[in-house]
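>>> I'll drop the sequence and a predicted model, then ask my questions.
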Amino acid sequence: MDNTAPMSPSIRTDAATFEVVKNSLYAAAEEMKIVLAKTAYSPLLKVAGDYSCGLFDADGEMIAQGPDLPIHLGSMPDAVKAVIQAFGTFVDGDVFIHNDPYFGGSHLPDVNIVSPSFHQGDLLGFACVRAHWPDVGSATPGSYGAVTDVFGEGLRLPPVRLYAAGVLNRDVDAIIFTNVRTPDERRGDMNAQIAANRRGSARLSELAEKYGVETLRRIMAEVMDYSETMMRKFLLELPDGEGRFEDFCDGDGILEPGETEDETFTIRMHAVKSGDSLMVDFAGSDPQVAGPMNAPLSVSTSGIYTAVKMVVDPNGMIPPNSGCWRAITVTAPEASVVNASFPAPVVYANHEMSHRVSDMLFGALYAFLPERVMACSQGTSSVLTLGGVDYRTGESYVSYESIKGGFGARPTKDGINCVAAGISNMMNTPIEVLEMSFPVRVEEYSVLTDSGGAGQYRGGCGARRVWRILGNQTRGAVCCERSKSAPFGLAGGQAGSPMRITLEDPDGGIRHPLSKGAFTVAAEGRIVFEVPGSGGYGPASKRDPAALADDLKNGYVSEEAAKSDYGVDG
Amino acid sequence: MSWRVGVDIGGTFTDVALVDEETGQIGIAKVPTTPRDFGQGVVQGLSIALEEHGIAASNVSLLSHATTVVTNAILEGKGAHAMLVSTKGFRDVLELRRSSRSSLYDMFQDAPGLLIPRYCRLEVNERLDAAGEIVTPLDEGDIDAVISFAKENKIEAIAVSLMFSFLNDVHERRIGEKLRAALPGVPIFLSSEVLPEIREFERASTTAVCAYVGPILESYLQRLAAATGEMGLPDLYVMGSSGGVFDVAEGLKMPAMAIESGPAAGVIAAALIGQQLNKPNLLSFDMGGTTAKASLIKDGIVETTSEYEVGGDGNANRWMNGTGHPIRVPVIDLAEVSAGGGSIAWIDPGGSLKVGPKSAGAEPGPVCYDAGGTEPTVTDCNLTLGYLDSNALLAGRLAIRADKAKVAIDEHLANPLGIGSDAAAAGVLNVVNASMAEALRIVSVERGHDAREFSLVAFGGAGPMHAAELAGELGIREVIIPPIPGGFSALGLVATDLKRDYVKTHFIPLDQADPAAVNAAYAEMEASAKEMLRAAKIPEKDWVMERSADLRYGRQAYELTVPARAGDVTPDILAELAQLFHEKHRLTYGHDNPDETIQMVNLRLTAIGRFDEIELGLGGGTGTSAEAQKGSRSVWFRQGGRQDCAIYDCAKLATAAEISGPAVIEAVDSTIVIPPGWQARMNETGHILMENNNG
């Protein structure tokens, strides 16, 4: 590191005070996360961590994001700006709620709670928690059905005032909880989001008390300038160049009349890095599709930001906030799969498209930054939702799980087995907790042999998970990708194994549903997920024999694959 | 006379602490740590300490030890060749973990380490359901396959962790019986014995840690116990991570208890100080060369947590979706930051002043040690500002080079920032103090405690230098510096009780819980506890059983632990638990939901064998503060910048001597800084009490 770097002209506060206050802002966002996780009700939030917490300035720019989901990097500011645009004036104790992907949201299950933060009457900014509710209505428990417009995806809330000066708006509350399944659980989650915001606001107020409102506001602005300066500096150190990448998706979950296969569609990317900025353009990508695989531009952008941060700042020196992204431009054709127009349905694209464009950017940058990118990871959130009536209690339930596959191989290292990659960082739900909460039995959860793409550096293995449905039938829905376009390798590395979904009926029948959409499984039937491994890096022929021997000994690679993929007799 | 002796192995030195049980007089001896065979340093330290203080081995009443053997085995990957036995379908439980990665954007991060490689993880066909009922009976043939594999592969220890075994241990017990009979000398750890608690990964991980470190701990402790026995010393006790000691036999049943035993000792010593000075609410702050640790003591009780990972880098954060291996045993709730005297200060490309995480460590050390260090450290800043004596000799041998420290600060910090050396050095302390204050905040404010109601006990080589500034940061009015702050941790080893924690999952909505069943679960744990206390030869009058319960709202995932009253469990006692839970939830998170069902998750029992209480003290000097003053020098303070500041010799200060800030008190192994507006007083047992009189 260049220790003699001149001080950034953007920081007027002294360097020590700046560092202290900046760290306090990030600690506050992290503390919000703790409060949310420890008090939420649904397994998705409390144990899986599908949410992001942030602090924002009075204009809705993000000052600090907690150590949460990268998927929300680019779109959280829109959530706060929508509230500012809709209301304009605020008083202490106000709380807003909304989830409209066409007005500040990402997809309907991601519910934003936004609270203004005050110090002695001065508006300092906002706290916002975006959390994935396991159900927001619609025809399918879990709200992951393959529908053809946003109206079919569930309850759509524009920014509305849930609390006015600390008083609950019972009308809004009643509308929300009439329209979601398992309302008690949702209310617990909502209260946890509000509690997290309260904690964030309290810490902002403490900082204002200590440093003064004006100083705090100035540092909040400087924190963003600081991130921009760092991002540009790191970009400048990389060689200039441009690259293109094309990839296709499995489909949108909708079979058009006469079709027997879900039709694939294509995304095209052109990335140009010049000096201290990066431009990513999606010209030539397919128009938006009938099913919910259309991403609002802010969702596509979040996927790009995630990959940029991993390439440019692998050591995590740049704090994530709105300033980071001033050096990055993302453009996409209107009404395309990467820039959805109202009223296209969007629910799957939130993670499936952001995963996709994030992996694709590595592919595009490989042209001129081969040592700074990784092969394609699992490339899907592999979501399974289940809903029905629990035979043990007679109560209805909704379960949401996301199963993780391989993390891509790197230019100097193997990939990682079964860990969240790219835009996602959700945890799995402990099986013992899952089975106590829902009428299922998990019969296997294992590392999938031969799923990591062969290469000098092997791709990370994917996972196999098997659920048996108990007592009553269940209404399930899946949202997966990479069943047809397996995760690509780089530099001669092979692709990882594709996504496979199998339904085993109690009578012995076998079904392979589309990668997206709903189905019913009878009691005692089984659902089998084989989640993708990641791509390999470098040609398999160059793999270190000792590493391959270790793979064989531990069953990450079978003898057959050693022969077919590596040309080695085991 | 009878003495208690504690031995604490640190990175550089092995400290031996001695306390006279009658007078409370304390002594310390230091010898170099012997990393190749830690036991050697321990024995050497003991011999020297006993000789220096003229103590016969037969006059030692208690010998207690904090060991880093377990943690080191994990960090260095030098544990046993162990295997895991799982339910069919789940041999990868240790590898699949919780599936989140610890570093969001680090493309080149490593996969978390594996204590047991995949080929050593075998499955047996069996399954229980979520009610603990048998769905698939145990396949005896699979157990035979495990036995053959263990023999063929010379397996040294086996962990057995089956699905839902915390509800019904029938299959694990059967496997245990067969393995123990067929594989004598191979320790077998059953998850239902080690940790009968829900969550298959965390339970398997705790059990695997036991298997991985068990054989190493066993050979270490048995060798050491033999050596100390030969010296004529009493039975060896080991400090556990929850702050009590246990005997060797008990430790080998649950090796995970020996994790983090060193840091626990410091907090226990702080708690003892609190008891002695009648200050039940303390924040304990321990700062050394590379890390600073904060912990909270409320009403005399040390706070513990069950969310801990060993061998990872996640514990500095609030959030551990980490890189280490979770162990679900109570561990003293420590917040740790990589900030110490050796932490390096630098300016990042965005123009902000950073301290750490890089440390100059012991080699090359701070710039002022003149051993090759070129980047300015916290110690260099403390020296430049005058807190440290530039005429002192390092370890009595080498001259400190204040000039070099200043050059490094100017070159790397002051010049690029366009400010003076003092301002740059002060900025570094500002940043490092804020990050340490954050650690104190995590254990206090974030857990629902008001830091201002606590006194700060500061120790470790660097703690007393930073304590007053930290206290000011958190609004704490009183700071306590114990005698011999540098070797203070070792004193905790002799100031504790015998302690063992038991847990049993009892999963039922609280309002449906049958008092008799709850009672029976506690009684079962108490029976094990009594057996343990009897084996440790603790007289029955000194037995204490503390019950508690882990509760949460029905649909939450994280529990809070509340105390349960002793005696036969009645509906009233259960109602009281509910009340305590609502209160604790409100205190911790700011809200509660009195209408929501409460879920009972775990019952806990802490069994304590009390040792006689002792008082710690150090005969002070005889001098008034004027007589103890050894000079003055220019020192920089936030309040008023550079000023002439009196310097005192701690050893000469008599009881009740008073000193007003600004002042610096120099003790044998530490320097105490008293800023303007602070008042310090030496008490009758050698503690310095500092009070903030600023507004």
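Noted; the coordinates are in hand. Numbering: from 1, shown residues only, chains lettered A, B, ... in the order given.
>>> now do the strands in the stretch 401-550 of chain A.
Here the stretch 401-550 of chain A has its strands, by DSSP state E, counting those that start in this stretch, at A:440-447, A:463-469, A:474-479, A:500-504, A:510-511, A:516-521, A:526-530.
>>> Throw those strands into TSV and include mean pLDDT and distance to B:A680, thanks.
The C-beta positions use only the backbone N, C-alpha and C, and glycine is treated the same way. Formatted as TSV, the strands of the stretch 401-550 of chain A follow (pLDDT from 0 to 100; distance: least, CB to CB, whole Å):
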stretch	mean pLDDT	distance to B:A680
strand A:440-447	98	59
strand A:463-469	98	60
strand A:474-479	94	65
strand A:500-504	98	70
strand A:510-511	96	78
strand A:516-521	94	70
strand A:526-530	98	65
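>>> which one of those strands lies nearest to A:T89?
For A:T89, the closest of those is strand A:474-479, at 39.2 Å, according to CB to CB.
>>> counting by contacts, list what the closest one packs against.
Here strand A:474-479 touches strand A:383-389, strand A:516-521, going by 3 or more CB pairs under 8 Å, 6 or more residues apart in numbering or on different chains; DSSP states H and E.
>>> now do the helix or strand where B:F488 lies: everything it contacts.
For B:F488, the element it lies in under DSSP states H and E is helix B:488-492. By CB atoms under 8 Å, 6 or more residues apart in numbering or on different chains, the residues outside helix B:488-492 that reach it are B:6-8, B:15-17, B:19, B:26, B:28, B:66, B:239, B:243, B:262-270, B:272, B:286, B:459-460, B:482, B:484, B:616.
>>> give me the mean pLDDT for it.
Mean per-residue pLDDT for helix B:488-492: 85.
>>> quick one: buried residues of the next helix or strand after that helix?
Using DSSP H and E, the helix or strand that follows helix B:488-492 towards the C-terminus is strand B:498-509. For strand B:498-509, a neighbour-count test (16 or more other CB atoms under 10 Å in any protein chain shown) marks B:498-507 as buried.
>>> is strand B:498-509 anywhere near chain A?
Yes: shown here: strand B:498-509 in contact with chain A (CB under 8 Å from any CB of the partner chain) through B:F507.
>>> tell me, how many residues neighbour B:G475?
12 (other CB atoms under 10 Å in any protein chain shown).
>>> pretty sure it sits against B:L456.
No: judged on CB atoms under 8 Å, B:G475 makes no contact with B:L456 at a distance of 10.8 Å.
>>> quick check: next helix or strand after the lowest-mean-pLDDT helix or strand in chain A?
Within chain A, confidence by mean pLDDT, DSSP states H and E is lowest for helix A:43-46 among all helices and strands, at a mean of 62. Using DSSP H and E, the helix or strand that follows helix A:43-46 towards the C-terminus is strand A:51-57.
>>> return the alpha-carbon coordinates of that following strand using CSV.
Provided in CSV are the C-alpha atoms of strand A:51-57 (Å, rounded to 0.1, in the frame of the first residue of the first chain):
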residue,chain,number,x,y,z
TYR,A,51,-32.0,-9.2,4.6
SER,A,52,-29.9,-6.0,4.4
CYS,A,53,-29.6,-3.1,6.8
GLY,A,54,-28.4,0.4,6.0
LEU,A,55,-28.1,4.0,7.1
PHE,A,56,-28.9,6.8,4.6
ASP,A,57,-28.5,10.5,4.4
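>>> all strands of the stretch 551-695 of chain B, in order?
B:560-564, B:598-609, B:629-637, B:641-649, B:658-660, B:663-667, B:670-674, B:678-682, B:688-692.
>>> can you redo these as TSV with mean neighbour count and mean pLDDT?
As requested, the strands of the stretch 551-695 of chain B are arranged in TSV below (neighbours: other CB atoms under 10 Å in any protein chain shown; pLDDT from 0 to 100):
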stretch	mean neighbour count	mean pLDDT
strand B:560-564	19	91
strand B:598-609	22	93
strand B:629-637	16	95
strand B:641-649	17	95
strand B:658-660	16	95
strand B:663-667	21	93
strand B:670-674	24	94
strand B:678-682	21	96
strand B:688-692	20	96
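>>> closest one to A:R475 among those strands?
Between these, strand B:598-609 lies closest to A:R475; by CB to CB that is 26.8 Å.
>>> touching, B:L63 and B:D235? I think so.
Yes: with contact defined as CB under 8 Å, B:L63 reaches B:D235; the gap is 7.2 Å.
>>> the two: which has the busier surroundings?
Neighbours per residue (other CB under 10 Å) separate B:L63 from B:D235, with B:L63 holding more: 24 against 14.
>>> that one: what secondary structure?
Recorded secondary structure, B:L63: strand (DSSP: H, G, I helix; E, B strand; the rest coil).
>>> identify the residues contacting it.
B:L63 makes contact with B:4-7, B:228, B:233-237 under the criterion CB under 8 Å, 6+ apart.
>>> near chain B, which residues of the stretch 201-350 of chain A are found?
Residues of the stretch 201-350 of chain A lying near chain B (CB under 8 Å from any CB): A:226-227, A:229-230, A:233-234, A:306, A:309-311, A:313-318.
>>> count the residues that sit near A:G88.
7.
>>> same thing with B:A265?
Residues near B:A265, counting by other CB under 10 Å: 31.
>>> B:A517 contacts B:H506, doesn't it?
Yes: taking contacts as CB under 8 Å, B:A517 lies within contact range of B:H506: 7.5 Å.
>>> near chain A, which residues of the stretch 501-650 of chain B?
B:507, B:553, B:555-558, B:585, B:588-591, B:593, B:596.
>>> what are the ranges of the helices in chain A?
A:15-39, A:43-46, A:76-87, A:170-178, A:183-211, A:213-236, A:297-312, A:349-365, A:431-437, A:545-553, A:559-566 (DSSP state H).
>>> angle of the first one against helix A:213-236?
The reference is to helix A:15-39. Interaxial angle of helix A:15-39 relative to helix A:213-236 (axes from the mean of the first three to the mean of the last three CA atoms, to 10 degrees): 90 degrees.
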